[in-house]
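A.B. asks: Test case, fold it:
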Amino acid sequence: MLILDLCGGTGSWSTPYRQAGYDVLVIDPQAIVSEGVRMTVRDFLRDTRPFVKERVHGVLAAPPCTEFAGSGARWWADKPPYLLENAIQVVRDCLRCINIFEPHWWCLENPVGRLARCVPEIGKHVATFQPYDYGDPWSKRTCLWGNFCMPDKAPVPRDPDPRKGQAVWYASPSPERQKLRSITPPGFANAFAQANP
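C.D. replies: Modelled structure (predicted):
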């Protein structure tokens, strides 16, 4: 069975599936894992011949949140419109991929923000989670869309040191910052894989 990890970058969300013996394919122009294909979801959709539709068991999608996350709202008005248009197209490409492959389950994630307003066909998110709900002691509320089983929570206290409890917010500016902030918390990734075999 094949798991598609769209816009997966580090492959952190799909790691538990890989470790459990699933075939995993990370589709991301900046994929850094050996199972990665360095291309956009749109490019992948142009040539899906190597993939048998029946093999795609699940789809994880984590489109870049830079243009959607509420944490960046103060910059939205000053940004060139094409940045948002491109981001919307990536989300729509992910949804198109899901429609083509009709997986057993699928899930798309993005932080709290304006994704549903910008891509109205996706509808309202079906669930949210915080990393500390699944054993990682920091917060970053994330919305989930799709057809999947939400894993049972096993919460832990947030670290009282704000630099640890809010580690993703305090990441130093660097070329790696976006990648670090987009890593799926391992506790959630493991719980999700157990709830969605």
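A.B. asks: Give me the most central residue, this structure.
C.D. replies: Centroid check for the chain by Cα atoms, centre = their mean gives Ala62 as the closest residue, at 2.2 Å.
A.B. asks: thought that residue was touching Ser12?
C.D. replies: No. Counting by Cβ atoms under 8 Å, Ala62 stays clear of Ser12, with 9.1 Å between them. Every C-beta, even on glycine, is put in place using the N, C-alpha and C of the backbone.
A.B. asks: Please, where are all the helices along this protein?
C.D. replies: Assigned by DSSP state H, the helices in the chain fall at 15-19, 41-46, 73-76, 81-101, 115-118, 162-165, 177-182, 186-195.
A.B. asks: Compare the ones you listed and say which comes out lowest on pLDDT.
C.D. replies: Note on those: lowest mean pLDDT is at helix 177-182, with a mean of 54.
A.B. asks: before we move on, back to that, so what sits against both of Ala62 and Ser12?
C.D. replies: Both Ala62 and Ser12 are contacted by Thr184, under the criterion Cβ atoms under 8 Å, 6 or more residues apart in numbering.
A.B. asks: My guess is Gly70 contacts Leu115. True?
C.D. replies: No. Using Cβ under 8 Å, Gly70 is not in contact with Leu115, being 9.9 Å away.
A.B. asks: Looking at these two, which is more packed in?
C.D. replies: Leu115 (25 against 14; other Cβ atoms under 10 Å).
A.B. asks: contacting residues around the more buried one?
C.D. replies: Cys65, Phe68, Val91, Ile122, Cys143.
A.B. asks: ok, so what distance separates the third one from Glu35?
C.D. replies: In other words, Val91. Going from Val91 to Glu35 by Cβ to Cβ, to the nearest Å gives 23 Å.
A.B. asks: what about these two, which has more around it?
C.D. replies: More crowded of Val91 and Glu35, by other Cβ under 10 Å: Val91, with 25 against 16.
A.B. asks: residues contacting that one?
C.D. replies: Pro63, Leu108, Leu115, Cys118, Val119, Ile122.
A.B. asks: nearest residue to the last one other than its sequence neighbours?
C.D. replies: Pointing back at Ile122 there. Distances taken as Cβ to Cβ, 6 or more residues apart in numbering place Trp145 nearest to Ile122, at 5.5 Å, with adjacent residues excluded.
A.B. asks: ok, now the second one?
C.D. replies: With Cβ to Cβ, 6+ apart as the criterion, Leu108 has its nearest non-adjacent residue at 4.1 Å, and that residue is Ala61.
A.B. asks: For Glu35, see how far away that neighbour is.
C.D. replies: 16 Å.
A.B. asks: Would you confirm that the residue nearest to Ile122 contacts Thr128?
C.D. replies: No. Trp145 is beyond contact range of Thr128, at 10.6 Å (criterion: Cβ under 8 Å).
A.B. asks: which of these two has more neighbours?
C.D. replies: Between Trp145 and Thr128, counting by other Cβ under 10 Å, Trp145 is the more crowded of the two (24 against 14).
A.B. asks: For the more buried one, name its beta-bridge partners.
C.D. replies: On the basis of DSSP bridges, Trp145 is bridged to Leu108.
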